[in-house]
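Trainee: could you work out the structure for the sequence below:
(2 chains)
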Amino acid sequence: MATSFIIQSMNRAPASLAILCLEDEREVLKAIIRDLAPFEEKFRIEPASNVSEAREILVELKRGGHPLALALCDHLLPGTTGTEFLVELNKDPATQPARKVLITAHAGLQETIQAVNEAGLNYYISKPWTAEQLQQVVRDELTAYILQQKINPIHYLAILNTPQLAQAIATSNLETDT
Amino acid sequence: MKPTPKTTSGYPHNLTSPSATLGEILGALEQLIKNNPFLARQIEHLPAGYILLREGKPNKFLYLLLHGQVQFFKHTPFGEVYVSSHEAGELLGVNSYVSHTTSFCTCKVTQPVRCLRLDPHLEIHLSEVLPQARKLLDKLITANLASRYRKAVSLQIELIEANQHLKETRNKLIHQEKLATLGQMVAGLAHELNNPISAMLRACDHITDTLHHFFTSTTSPDKWREFWQAGTESLTPDTPTVRQTIKELKLLLPHTTQAVIRQIAQIPSTLREIIINKIQSQRTISKETESLLDIYDIATLIHTLETSAIQISHLVNSLKNYARPSSAPPCQVNLKESIHNSLIILGSLLRQHHTELQIPNDLYVWAHPGDLGQIWTNLIKNACEAMPAGGLLKIAAKPDDDFITVTISDNGPGVPPHLKEKIFELNYTTKTGAENFGLGLGLPITIGLVARAGGKLTLTDTPGGGATFQVTLPRKAL
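Mentor: Numbering: from 1, shown residues only, chains lettered A, B, ... in the order given. Model prediction:
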């Protein structure tokens, strides 16, 4: 299994993975995107300021063959909540594997429980955040996604968690050899 | 009542019937005492202040109070407590006389007393010699015990009611105390926050001035001024626009990195043309181009700092008004401002709803500003919580000569008729979840605050579904 995935993925250029950021306050969204700049080189970063825009982006990503690797959502959104949107992502087989992070100033216990139980929430960042913290969370989550989806880690060695990815490569090489 | 028929022996024959009044029984007894020297000898006259029974001391007599007044007292951990007072027709010492125990209470004469003193010997004697008198006494004892029992039961009920009332009052007080403490904390916090916010705003101004000076000085390249100026003035474009621009830019500038393309997509189109031309002609991003983009960025970042600091200072002002202590005297409060402050405080809650405001600008009500804020916050919060899936919140104000009526309507499920009264009661709540918990104090306290302002709070249905709370408040001091 491991052998075939390495060979397969080595042979084709990786489709760029997408990071979706959903936040209704423009300035806050801009700040998040700015902090995600280190990932822009290898990932498609898609900002959305409301849920319908986010859905359109998802359709576009699907059409372009770009899997969603990470959804970063504010909790309080006009007319809905980030948690509800994450639950929606978790129900769709196309976006179910995406790592899900809430970034919020407001969610209560009830919403957080729902996010963990129904949306498969992977991480919770409470506002205000720092660039280092946000980047570390994104790095960890993207690394987890790469490993979990068995995507060739080579392309991401430099910007994600290098030791973890390097070990994954070593292990699969060992498997290839035996 | 018919006059009581008299028998030849001088007392009424139907006194043992249940309809005989205390006065009739006493009258008959007095008659017997008058005609019977044996009974007359048992009459005692006691002055005010005389202790008839002493708590804890043995008592062998039963006293029938014929005239005057006595009072009962009992020792308690809080000192001697008044228990009850008794007048003609009452029996004293029943408890200790019947059960051969010591007196339960101390009995003090408060108005000179005339009483009949009975002991067991006399009782036996009476049964033999004067059965009529014996019957009358029995009747008195029975009536006395019956009334004591009734009293005990009603006292117990009173006690339960008092306890319940005490509990409610206690909860209300605790809640008010909590709110007061919270108010003090909020006010303190608001004041503390003002300093750093002022410092932030001043720093923003200084940075803006300094950079303005720097970017627009004669030695700086012309384009610096242009990009700086544009950055301080323009608004952040919306995400779909940026996305479209990024798509176009990717085609125009295929070798430029994502991050730089995103940066270029944010700037106004006239400046964008300049940047695109530069990159295309220079085939790379020169230091000069980078500087221009950075200058634009710096300007927008400072703008963000400033608008965010201003946003915080508005919030702080609203909190300060909201948390103003209600011990302050009532005053003329601008209605729109007061409601607006509560809306700012509840900002996060309101985001899921559409809000429609119809409040004229120059309406004033006479109230405690803090109370008023709490009234709006409670009612708006209730309305929002009635529409968990989002809905329409309408707030309108209508003045008449002396009062202003503010209506706060939601289009949630409304209040079922059988709960319309209940929701105003203390400790009634529909919010039992761990997160969305309610003490059932919101509306009762709101009613209290509205009443204190001399107003009225009523509940009606929103036409087409939902609940509407009406607050009527005076325009001037009452």
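Trainee: do you have the helices of the chain handy? List them.
Mentor: Going with chain A. A:2-11, A:26-35, A:37-40, A:51-64, A:82-91, A:109-118, A:131-148, A:162-177 (DSSP state H).
Trainee: hmm, no, I was thinking of chain B.
Mentor: Counting by DSSP H, the helices of chain B are B:22-35, B:37-40, B:94-99, B:120-129, B:131-216, B:222-233, B:239-252, B:258-266, B:269-282, B:287-322, B:335-345, B:347-350, B:369-385, B:442-452.
Trainee: so what's the closest residue to B:Leu443 other than its chain neighbours up against?
Mentor: Excluding its sequence neighbours, the residue lying closest to B:Leu443 (CB to CB, 6 or more residues apart in numbering or on different chains) is B:Phe424, at 5.2 Å. Placement of C-beta: from N, CA and C, glycine included. Neighbour list for B:Phe424: B:Leu443, B:Pro444, B:Ile447, B:Leu459 [criterion: CB atoms under 8 Å, 6 or more residues apart in numbering or on different chains].
Trainee: give me the below-cutoff pLDDT ranges for chain A.
Mentor: A:1-14, A:107, A:174-178 (pLDDT under 70).
Trainee: re earlier: pick the most deeply packed of the helices of chain A.
Mentor: For those, average neighbour numbers computed from mean count of other CB atoms under 10 Å in any protein chain shown are highest in helix A:82-91, which has a mean of 21.
Trainee: and it, anywhere near chain B?
Mentor: No - using CB under 8 Å from any CB of the partner chain, helix A:82-91 stays clear of chain B, coming no nearer than 10.1 Å.
Trainee: what helices or strands is that helix leaning on?
Mentor: strand A:68-73, strand A:99-104, helix A:109-118 (3 or more CB pairs under 8 Å, 6 or more residues apart in numbering or on different chains; DSSP states H and E).
Trainee: do that again at 6 Å, thanks
Mentor: Judged by 3 or more CB pairs under 6 Å, 6 or more residues apart in numbering or on different chains; DSSP states H and E, helix A:82-91 is in contact with strand A:68-73, helix A:109-118.
Trainee: output those in a markdown table, with distance to chain B appended to each entry.
Mentor: Output for these, formatted as a markdown table (distance: least, CB to the nearest CB, whole Å):
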| stretch | distance to chain B |
| --- | --- |
| strand A:68-73 | 14 |
| helix A:109-118 | 4 |
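Trainee: among these, which comes closest to B:Glu248?
Mentor: B:Glu248 sits nearest to strand A:68-73 of all these, at 23.8 Å, using CB to CB.
Trainee: so what's the most centrally placed residue in chain A bridging to?
Mentor: A centroid search over chain A (CA atoms, centre = their mean) returns A:Leu70, at 1.2 Å, as the residue closest to the centre. Beta-bridge pairing for A:Leu70 (DSSP bridges): A:Ile19, A:Arg99.
Trainee: so it sits right up against A:Glu141, yeah?
Mentor: Yes - counting by CB atoms under 6 Å, A:Leu70 touches A:Glu141, with 5.5 Å between them.
Trainee: what residues are shared contacts of these two?
Mentor: A:Arg99 (CB atoms under 6 Å, 6 or more residues apart in numbering or on different chains).
Trainee: that older thread, so for the residue nearest to B:Leu443, what's the pLDDT?
Mentor: Note for B:Phe424: predicted pLDDT of 72.
Trainee: from B:Pro444, how far off is it?
Mentor: To B:Pro444, B:Phe424 is 6 Å away according to CB to CB, to the nearest Å.
Trainee: span of stretch B:277-287 from start to end?
Mentor: Stretch B:277-287 has an end-to-end distance of 15 Å (CA to CA, to the nearest Å).
Trainee: one step back: could you dump the helices and strands packed on helix A:82-91 to CSV with distance to B:Gly391?
Mentor: Shown next, in CSV, are the helices and strands packed on helix A:82-91 (distance: least, CB to CB, whole Å):
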stretch, distance to B:Gly391
strand A:68-73, 23
helix A:109-118, 18
